[in-house]
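Chemist: sequence plus predicted model, see below.
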Amino acid sequence: MRALITGGAGFIGSNIALELQNKGYDTVVLDDFSSGNFKNLHGYEGDVISESILDVDLNKFKDIDAIFHEAAITDTTVKDQKLMMQINTEGFRRLLNFAVKNDIKFIYASSAATYGNAKSPQKEEYAGKPNNIYGFSKWICDCIAKKYMKKYPDSHIVGLRYFNVFGPREQYKGKMASMVWQLAKQMADGKNPRIFKWGEQKRDQVYVKNIVQINLLALDAKESYIVNAGSGNAVSFNHIIEVLNDVLGFDYKPEYFDNPYEEFYQDFTQADLTNAKKYLGYEPKWNFEDAVKDYVEWLKENRYI
């Protein structure tokens, strides 16, 4: 099988590309390197095309069997609404249309940001009132996908609403990297971990290896659907620090500060995985504590902490 991974030099895209390679797939990475980093692809031996999803000639991908669409602006603090919609939504529309017209499996990254302040655990039907333009761009992608699913019932379209993903190869995301990475780095640098008051905000922290797992399961989906991609459990920021202290051998106390994003911040996210299990057979293999241990080992081996 030949697979295209858009945003393949980014955090999640590179993990998918490397795992597909390990499984013997013929892979092509498409990335304009605006936020991706070539170091994420160390060990990768497939093809790389450095172009924008808005401009690349899609006809060169007609021999592709599956597209994993990860390319997007993921910085939720970006205020340029037109730019966000052009890259995230119009880029998505272009690729989806190409995939459906050429009978290519299309698996794409949606987001828990589509839920806004919906009650937890979030079920797929709760989406539609995002708090920021990033979440809105992803919501409109989902709406477009649903129309295509209805219009082309024989198509293979799977949307995965990612929750808070952490793990190897996220370090180049800067301020948008996970709380696990941010806090681990602070502690490894001898600093008290800083979190919003009073650390009881809860997020569904899902290991990137679980996200790769659900992407591969989506290849064999029996029908098109949009499902949650999370761990199914909510973890408080205080608990993240407790686990990191245990794994790193520290005893740091959190340093609390006011949340500057309070007006559009999600205080509690937890993925309802009922549909992910029903339609894809997804059962997360990594729980939070074991995932942090595995991640810290990787960070140490690669000298990031």
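Modeler: On my side now, so go ahead.
Chemist: isn't residue 140 up against residue 86?
Modeler: No - in this structure, residue 140 is not within contact of residue 86 by Cβ atoms under 8 Å, at 11.9 Å. Using the backbone N, CA and C atoms, a C-beta is placed for each residue, glycine as well.
Chemist: in the chain, which helix is the longest?
Modeler: Using DSSP state H, we find that the single longest helix of the chain is helix 133-151.
Chemist: still on that earlier bit, more neighbours: which of residue 140 and residue 86?
Modeler: Taking neighbours as other Cβ atoms under 10 Å, residue 140 and residue 86 compare with residue 140 leading, 18 against 14.
Chemist: ok, now which ones touch that one?
Modeler: Contact analysis of residue 140 by Cβ atoms under 8 Å, 6 or more residues apart in numbering lists 85, 89.
Chemist: which residues in this structure form helices?
Modeler: 11-22, 81-84, 91-101, 133-151, 179-188, 208-218, 237-248, 274-280, 288-301.
Chemist: how near is residue 274 to residue 234?
Modeler: Per Cβ to Cβ, to the nearest Å, residue 274 is found 16 Å from residue 234.
Chemist: who's more crowded, the two?
Modeler: residue 234 (21 against 14).
Chemist: what is the burial count for residue 69?
Modeler: The local packing of residue 69 (other Cβ under 10 Å) involves 24 other residues.
Chemist: find the nearest non-adjacent residue to it, please.
Modeler: Closest residue to residue 69 apart from its sequence neighbours, by Cβ to Cβ, 6 or more residues apart in numbering: residue 108 at 3.9 Å.
Chemist: my guess is that neighbour contacts residue 96. True?
Modeler: Yes - Residue 108 is in contact with residue 96 according to Cβ under 8 Å; the separation is 7.5 Å.
Chemist: shared neighbours of these two, which are they?
Modeler: With Cβ under 8 Å, 6+ apart as the test, residue 108 and residue 96 both reach 69, 145, 157.
Chemist: what's near enough to touch the last one?
Modeler: Residues in contact with residue 157 (Cβ under 8 Å, 6+ apart) are 96, 99-100, 106-108, 145, 148-149, 224.
Chemist: so it bridges to which residues?
Modeler: Note on residue 157: beta-bridge partners residue 106, judged by DSSP bridges.
Chemist: bridging residues for residue 207?
Modeler: Here residue 207, judged by DSSP bridges, has bridge partners residue 166.
Chemist: who's in contact with residue 296?
Modeler: For residue 296, the contact set (Cβ under 8 Å, 6+ apart) comprises 184, 244, 247-248, 305.
Chemist: if we can go back for a sec, quick check, nearest of the shared contacts of residue 108 and residue 96 to residue 9?
Modeler: Of all those, residue 69 has the smallest distance to residue 9: 14.1 Å, by Cβ to Cβ.
Chemist: residue 212 versus that closest one, what's the distance?
Modeler: To residue 212, residue 69 is 15 Å away according to Cβ to Cβ.
Chemist: residue 141 - nearest residue in space that isn't next to it in sequence?
Modeler: residue 92 (4.5 Å).
Chemist: for the protein, give me the ranges with low pLDDT.
Modeler: Across the chain, the ranges flagged by pLDDT under 70 are 264.
Chemist: nearest the geometric middle of it, what residue?
Modeler: Centroid-nearest residue in the chain: residue 162, 4.9 Å away (criterion: Cα atoms, centre = their mean).
Chemist: would you confirm that that one contacts residue 114?
Modeler: No - counting by Cβ under 8 Å, residue 162 stays clear of residue 114, with 10.3 Å between them.
Chemist: which one of the helices of the chain is the most hemmed in?
Modeler: For those, the largest average neighbour count (mean count of other Cβ atoms under 10 Å) is found in helix 11-22, namely a mean of 24.
Chemist: which elements pack onto that helix?
Modeler: Counting by 3 or more Cβ pairs under 8 Å, 6 or more residues apart in numbering; DSSP states H and E, the packing neighbours recorded for helix 11-22 are strand 2-6, strand 26-30, strand 66-69, helix 208-218.
Chemist: let's have these in a markdown table, adding distance to residue 175.
Modeler: Output for the helices and strands packed on helix 11-22, formatted as a markdown table (distance: least, Cβ to Cβ, whole Å):
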| stretch | distance to residue 175 |
| --- | --- |
| strand 2-6 | 23 |
| strand 26-30 | 24 |
| strand 66-69 | 24 |
| helix 208-218 | 18 |
